[in-house]
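1. just coords:
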């Protein structure tokens, strides 16, 4: 693999992005120690979420999430 982004082929860059996103998902979901592809039910949930957002629906605002997490 190339050593800089500028030297990467589009396929190498895509692979890097896919790996990075999957690693971050595993970290956020507490799945860092598991190998293999993401669970099929999680994959289905992510696809459903993408379709919901594409349809114009949104979840909680950042302010609402922050307020819910505020324990002061």
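-> The structure has been received and is ready for your questions. Quick caveat, the model's predicted, so the values are computed rather than measured.
2. just the helices in the chain please.
-> For the chain, the helices defined by DSSP state H occupy 10-28, 40-54, 62-69.
3. which residues touch the last one?
-> The contact list for helix 62-69 (C-beta atoms under 8 Å, 6 or more residues apart in numbering) reads residue 60. Where you see a C-beta, it was placed from the backbone N, CA and C, and this is true even at glycine.
4. so how far is residue 41 from residue 61?
-> As judged by C-beta to C-beta, to the nearest Å, residue 61 and residue 41 stand 27 Å apart.
5. ok, residue 8 next?
-> 33 Å.
6. who's more crowded, the two?
-> residue 8 (15 against 8; other C-beta atoms under 10 Å).
7. switch the helices of the chain over to a markdown table; also include mean pLDDT and distance to residue 3.
-> Below are those laid out as a markdown table (pLDDT from 0 to 100; distance: least, C-beta to C-beta, whole Å):
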| stretch | mean pLDDT | distance to residue 3 |
| --- | --- | --- |
| helix 10-28 | 88 | 11 |
| helix 40-54 | 85 | 32 |
| helix 62-69 | 86 | 37 |
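8. what's the closest of these to residue 4?
-> Nearest to residue 4 among these is helix 10-28 (10.8 Å), distances taken as C-beta to C-beta.
9. distance from the closest one to the middle of the chain?
-> 9 Å (C-alpha atoms, centre = their mean, to the nearest Å).
10. tilt between that helix and helix 40-54?
-> Orientation check (axes from the mean of the first three to the mean of the last three C-alpha atoms, to 10 degrees): helix 10-28 against helix 40-54 gives 100 degrees.
11. can you mark which positions in helix 10-28 are buried?
-> By 16 or more other C-beta atoms under 10 Å, helix 10-28 has no buried positions at all.
12. again, but for stretch 60-72
-> Buried residues in stretch 60-72, counted by 16+ other C-beta under 10 Å: none are found.
13. how far out from the middle of the chain is that stretch?
-> Centre-to-centre, stretch 60-72 and its host chain are 21 Å apart (C-alpha atoms, centre = their mean).
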